[in-house]
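Engineer: Just the structure for this:
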Amino acid sequence: AEAQNKPKGHQRSAHSVEKPRTGVAEAYSELRSNNSQNTPNKQKQFSKAMEVEGSSKKMIATQAEMVEAKVPLPYRDQCAHLLIPLNKCRQSELYLPWKCETERHSYEKCEYELVMERMLKMQKIREEEAKLKQQQTKKQPFPLIPKTAQAS
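Structural biologist: The predicted structure follows:
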């Protein structure tokens, strides 16, 4: 009698066994394997525009997976494969801030690594520009007559 009063979404079927929640990587690989079973001939299309150029991290989530999970465009980067299970966990746990800590930590760590990688790359670019500027100033001696005094 109690099962009839519950909404249909909360009833468990006899064949579905709830697995204990493991790491984010296992959850994501399970999600991908379930999606690949539904569409066996699906080509994995990666969006090259979403990848940060020169980054050591590769895109793992496909464009189709990100669209299906409704990942906003600004978040479709190399860490999107961690954001998908995080958002699913958040929805299932009613966005309680103390839930989904492992998923959130792994996603934030990935984002932090991307930011640090970009910062190091910019620092290297600035150092190279400073070296070039220094070399150019060493090559050009100071003119005896300033350019403003020279007639054209």
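
Engineer: where's the closest residue in space to N87 that isn't next to it in sequence relative to Y75, distance?
Structural biologist: Nearest residue to N87 in three dimensions, chain neighbours excluded: A69, at 6.6 Å (C-beta to C-beta, 6 or more residues apart in numbering). (Each C-beta comes from the backbone N, C-alpha and C, glycine too.) Distance, A69 to Y75, by C-beta to C-beta, to the nearest Å: 10 Å.

Engineer: sorry, back to before: what's near enough to touch the residue nearest to N87?
Structural biologist: Listed by C-beta atoms under 8 Å, 6 or more residues apart in numbering, the contact set of A69 reads 83-84, 87-88.

Engineer: what's the closest of the residues you listed to Y112?
Structural biologist: The shortest approach to Y112 among those belongs to L83, at 13.8 Å (C-beta to C-beta).

Engineer: what are the C-alpha coordinates of the helix or strand harbouring that closest one, in CSV please?
Structural biologist: Element membership for L83 (DSSP states H and E) is helix 80-92. Extracted as CSV, the C-alpha positions of helix 80-92 are listed here (Å, rounded to 0.1, in the frame of the first residue of the first chain):
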residue,chain,number,x,y,z
ALA,A,80,34.0,19.3,-18.5
HIS,A,81,34.3,15.5,-18.0
LEU,A,82,34.5,16.2,-14.3
LEU,A,83,31.7,18.8,-14.3
ILE,A,84,29.1,16.4,-15.8
PRO,A,85,29.1,13.9,-12.9
LEU,A,86,29.4,16.8,-10.4
ASN,A,87,26.2,18.5,-11.8
LYS,A,88,24.4,15.1,-11.8
CYS,A,89,25.4,14.6,-8.1
ARG,A,90,24.3,18.1,-7.3
GLN,A,91,20.9,17.6,-8.8
SER,A,92,20.4,14.2,-7.0
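
Engineer: returning to that earlier point: can you list residues touching both of A69 and Y75?
Structural biologist: Common neighbours of A69 and Y75, counting by C-beta under 8 Å, 6+ apart, are L83.

Engineer: lowest average confidence, helix or strand, in this structure?
Structural biologist: Least confident helix or strand, the chain: helix 2-5 with a mean of 49, by mean pLDDT, DSSP states H and E.
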